[in-house]
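A.B. asks: what shape does this take:
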Amino acid sequence: MTALGNILRSYSKRLDRELGLRAWLRGEPRPPRGGFDLAGEKIIDWGWICVNLPVGPKTGLEIGCGESPILPGMLTHGYDVTCVDLDATITTELRGFRFIKGDFNEIELLPGFDVIVACSVIEHFGLAGRYGSTADPDADIRAMTKIRSLLSNRGQAFITVPIGSDSLHIPWHRVYGRGRLPLLLNGFTIKESRFWTKSPWGPWYETTLMHALDQPVDLQRYALGQFLLVGDH
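C.D. replies: Below is the predicted model of the structure:
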């Protein structure tokens, strides 16, 4: 029965990758035929951020927290944590933090955060068609400006985004290249950065910024950029 169950699950995953039925049932746009070749992206980003979180006590803000392990990581370090998301599921699973449901660009927050995390979220800002977002071509730049304004004098921001040739894949994501990436990071100093890419449907491997920026335009995959930033005060 277990073997049969594994076969059925494997077939179901392949079928969903081709047809995007689960997204359709959730009322979301169907992903490209064949699905997104990005398995493991969140694991790489979450691991890098969790390992590099400074020891608390600190004040922390996670934007688009979802159900990531970064929030409990902050709490374990003794952070006073605020989370912002459009989905409040995490509040049914964990306590000990302040949760604000809403669009980060539209809510009021007091400055002074020691650590701000935006893991795989900035690229979705202002792309209508998912998450209840409305179209705003510069929502990602505005979000980064707001993050800088919310940092304490010695505060740090962990930002992860798709890297490659500059492109826009509505309603899915932006990819940041030689044109838009400098605009996104304007006003920050890069304290640390790492970059990852992959062969089609293969494993991720670490690479250079130049190699990541040369990633061809492709809806289904992109390179990853991880940035530890401090604001230029």
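A.B. asks: identify the residue nearest Val81 in space, chain neighbours excluded?
C.D. replies: Closest residue in space to Val81, ignoring its immediate chain neighbours: Phe97 at 4.0 Å, by CB to CB, 6 or more residues apart in numbering. To be clear about C-beta, it is placed using only N, CA and C from the backbone, and glycine gets the same treatment.
A.B. asks: what is the neighbour count of that neighbour?
C.D. replies: 19 (other CB atoms under 10 Å).
A.B. asks: what's near enough to touch it?
C.D. replies: Applying CB atoms under 8 Å, 6 or more residues apart in numbering, we find Phe97 in contact with Leu71, Met74, Leu75, Val81, Thr82, Cys83.
A.B. asks: and after the strand or helix carrying the third one, which helix or strand comes next?
C.D. replies: So that's Leu75. In the assignment (DSSP states H and E), Leu75 maps to helix 70-76. Tracing the chain past helix 70-76, the next element assigned as helix or strand by DSSP H and E is strand 80-85.
A.B. asks: circling back to that earlier point, show me the two of the contacts of Phe97 that sit farthest apart.
C.D. replies: Farthest apart among these by CB to CB are Leu75 and Thr82. That separation is 11.8 Å.
A.B. asks: give me the residues contacting the helix holding Leu75.
C.D. replies: Residues from elsewhere that reach helix 70-76 (CB under 8 Å, 6+ apart): 46, 49-50, 53, 56, 58, 60, 62, 65, 81, 83, 90, 94, 96-97, 115, 117, 119.
A.B. asks: in strands, which of those residues appear?
C.D. replies: The strands, defined by DSSP state E, take in Gly60, Glu62, Val81, Cys83, Val115, Val117, Cys119 from these.
A.B. asks: now the angle from the top strand by length along the chain to strand 59-63?
C.D. replies: Longest strand in the chain, counting residues (DSSP E): strand 151-163. Strand 151-163 and strand 59-63 are oriented at 30 degrees to each other (axes from the mean of the first three to the mean of the last three CA atoms, to 10 degrees).
A.B. asks: pretty sure Tyr131 is in a helix, no?
C.D. replies: No: per DSSP: H, G, I helix; E, B strand; the rest coil, Tyr131 lies outside any helix segment and is coil.
A.B. asks: got the phi and psi for it?
C.D. replies: phi 60, psi 20 (degrees, to the nearest 10).
A.B. asks: next one: the one 10 residues further on
C.D. replies: Phi and psi for Ile141, reported as degrees, to the nearest 10, are phi -70, psi -40.
A.B. asks: residues contacting it?
C.D. replies: Leu183, Leu184, Asn186.
A.B. asks: what does Ile190 give?
C.D. replies: Phe227, Leu228, Leu229 are the contacts of Ile190 under CB under 8 Å, 6+ apart.
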